[in-house]
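Novice: Have a look; sequence and predicted model below, questions after that.
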Amino acid sequence: MRTSNGITYDELALEQNINQILSNKKDAYMLNDFFTDEKIVKALNENDFDTIFSEWKSKSSAYNISTGFLAEILIASDIDFLPYISEIENSIFYENHSDWLLSIIIPSNIQYIGKYAFSYCKSLASIIIPNKVTSIGEYAFNNCPSLTSITIPDSVTSIGEAAFYECSSLTSITIPDSVISIGGEAFSYCESLKSITIPNKVTAIDERTFNHCESLEHITIPDSVISIGNRAFYYCESLKAIKIPNSVTSIGGAAFYRCSSLTSIIIPENITAINNEAFSYCESLKYITIPNKVTRVGKYAFYSCSSLTSVTISGSVTYIDTYCFYECPNLKEITYLGTRSQWKKIKKRPAWCDYPIEVNCTDGVLKYENK
């Protein structure tokens, strides 16, 4: 174990990694068209990076670390390179460094963490993000299974797509109110994440943002959110209850698919459609009210909601699709807020329901002897 410039790493693993790189020149890339492999190797042999850094600094306007090769050499040499950089660029620690990088304190002058910057750093357990960082790029910490917690500073305004994808040991994360956008799949397969609060400037929960967060029990959604994307909470099997604000006008297909612990949910009054598979396999869901502006209930919308006993449908609904209430054996009756004549005019696709059911309309009861 060795520490250098805020980076903790396995010395033996790193030495082996560097020796392999130095023996293969095709892996020695250039930085800003200035650092050649010959210059870096020469500086490594002479333990003198100050000279080439001074030369680089006088010629380059972008002080970024952009190649894994350079990062390895600098870390191995204990050279204080951190004051020279302002960005961690794409893929700098991607995959090849997964065996030796254990923890890192990102220097205080860093403003941007690029795409795939720490992707597949499978031994990375700890990281501190400084308060000048404004953006975390796509897949920045993708597949860092040893990372258990992370605090995002209030300088950050955007979290990229799949930024923390498959950080399977991540149990907690603090997202500051400064964040205005969270990319799709940002926390997909964070299987240990238990609770999260969406900041009050975020307007959308994109597709698969919390897909397969199987330990997620609690989430707070602010009034700023207007849309929940497809499969946003897909397979969140520990989620028991969720309050969706009335600001939400769209809930995507399979958004709550197999949220098997979800016992109740209030669909916002501004929703106009229940999309396909939106609540399929919500096996603990007991009751649901479809609000006044909904006109369409999609395929498999409540498929296999085996605990569902009460459904209220507004008079605005004009279309109920195939298998909507299929495999809901405990659903014996539906309350329809319209007349029998209105109910009969609703276009109901074949097999919308497969068990005997009564529809209680405002002027009487209709019975369906489904088998």
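Specialist: Here it is on my side, so go on. What you are looking at is a predicted structure, and each value in this text was computed from that prediction instead of being measured.
Novice: Mind jotting down where the helices sit in the protein?
Specialist: For the chain, applying DSSP state H gives helices covering 11-22, 37-46, 50-59, 68-77, 340-345.
Novice: ranking the ones you listed by mean pLDDT, which is last?
Specialist: Least confident of the helices of the chain, judged by mean pLDDT, is helix 68-77 with a mean of 43.
Novice: Low-confidence regions, the protein specifically.
Specialist: The model of the chain has pLDDT under 70 over residues 1-101, 371.
Novice: what about the strands in the stretch 151-300 of the chain?
Specialist: 158-159, 172-174, 181-182, 195-197, 204-205, 218-220, 227-228, 241-243, 250-251, 264-266, 273-274, 287-290, 296-297 (DSSP state E, counting those that start in this stretch).
Novice: Include distance to residue 131 and mean neighbour count when you put these into a markdown table, please.
Specialist: To be clear about C-beta, it is placed using only N, CA and C from the backbone, and glycine gets the same treatment. As requested, the strands of the stretch 151-300 of the chain are arranged in a markdown table below (distance: least, C-beta to C-beta, whole Å; neighbours: other C-beta atoms under 10 Å):
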| stretch | distance to residue 131 | mean neighbour count |
| --- | --- | --- |
| strand 158-159 | 15 | 20 |
| strand 172-174 | 13 | 15 |
| strand 181-182 | 19 | 20 |
| strand 195-197 | 19 | 16 |
| strand 204-205 | 26 | 23 |
| strand 218-220 | 23 | 15 |
| strand 227-228 | 30 | 22 |
| strand 241-243 | 31 | 15 |
| strand 250-251 | 34 | 20 |
| strand 264-266 | 37 | 16 |
| strand 273-274 | 42 | 22 |
| strand 287-290 | 44 | 19 |
| strand 296-297 | 46 | 21 |
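Novice: Between those strands, which one is closest to residue 145.
Specialist: Residue 145 lies closest, by C-beta to C-beta, to one member of the strands of the stretch 151-300 of the chain: strand 172-174, at 14.9 Å.
Novice: what lines up beside the closest one in the sheet?
Specialist: Strand 172-174 has the following strand partners under DSSP bridges: strand 149-151 (parallel).
Novice: Residues contacting the partner strand, please?
Specialist: With contacts defined as C-beta atoms under 8 Å, 6 or more residues apart in numbering, strand 149-151 is touched by 127, 128, 129, 141, 164, 170, 171, 172, 173, 174.
Novice: what comes up buried for that strand?
Specialist: For strand 149-151, burial by neighbour count (16 or more other C-beta atoms under 10 Å) applies to residue 150.
Novice: Could you give the separation of it from the chain centroid?
Specialist: 15 Å (C-alpha atoms, centre = their mean, to the nearest Å).
Novice: for stretch 328-336, same thing?
Specialist: 35 Å.
Novice: Please point out which parts of it sit buried.
Specialist: 328, 331, 334, 336.
Novice: could I get these as a markdown table with distance to residue 151?
Specialist: Listed next are the buried residues of stretch 328-336 as a markdown table, based on distance: C-beta to C-beta, whole Å:
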| residue | distance to residue 151 |
| --- | --- |
| 328 | 43 |
| 331 | 45 |
| 334 | 47 |
| 336 | 50 |
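Novice: Return the closest of these with respect to residue 318.
Specialist: Looking across the buried residues of stretch 328-336 and measuring by C-beta to C-beta, the closest to residue 318 is residue 336, at 12.5 Å.
Novice: contacting residues around residue 353?
Specialist: 324, 325, 326, 328, 331, 368, 370.
Novice: which one of the buried residues of stretch 328-336 is nearest residue 354?
Specialist: The closest of the buried residues of stretch 328-336, once distances to residue 354 are taken by C-beta to C-beta, is residue 328, at 8.2 Å.
Novice: thinking the closest one is in contact with residue 305, fair?
Specialist: Yes. In this structure, residue 328 is within contact of residue 305 by C-beta atoms under 8 Å, at 5.2 Å.
Novice: circling back to that earlier point, most neighbours out of the contacts of residue 353, which is it?
Specialist: Among these, residue 325 has the most neighbours (other C-beta atoms under 10 Å), with 25 neighbours.
Novice: The nearest residue to that one once chain neighbours are set aside and residue 158, how far apart?
Specialist: Distances taken as C-beta to C-beta, 6 or more residues apart in numbering put residue 353 closest to residue 325, at 4.4 Å, once the chain neighbours are dropped. As judged by C-beta to C-beta, to the nearest Å, residue 353 and residue 158 stand 44 Å apart.
Novice: Ok, residue 316 next?
Specialist: With C-beta to C-beta as the criterion, residue 316 and residue 158 are 37 Å apart.
Novice: ditto for residue 215
Specialist: 26 Å.
Novice: same deal with residue 296?
Specialist: 33 Å.
Novice: swap in residue 123?
Specialist: 27 Å.
Novice: try residue 220
Specialist: From residue 220 to residue 158 the distance is 20 Å (C-beta to C-beta).
Novice: again, but for residue 136
Specialist: 7 Å.
Novice: now residue 210
Specialist: 17 Å.
Novice: same question, residue 204
Specialist: For residue 204 relative to residue 158 (C-beta to C-beta), the value is 12 Å.
Novice: Ok, residue 331 next?
Specialist: Taking C-beta to C-beta, one finds residue 331 at 43 Å from residue 158.
Novice: just residue 110 next, same as before
Specialist: 15 Å.
Novice: again with residue 212
Specialist: Taken as C-beta to C-beta, the span from residue 212 to residue 158 is 23 Å.
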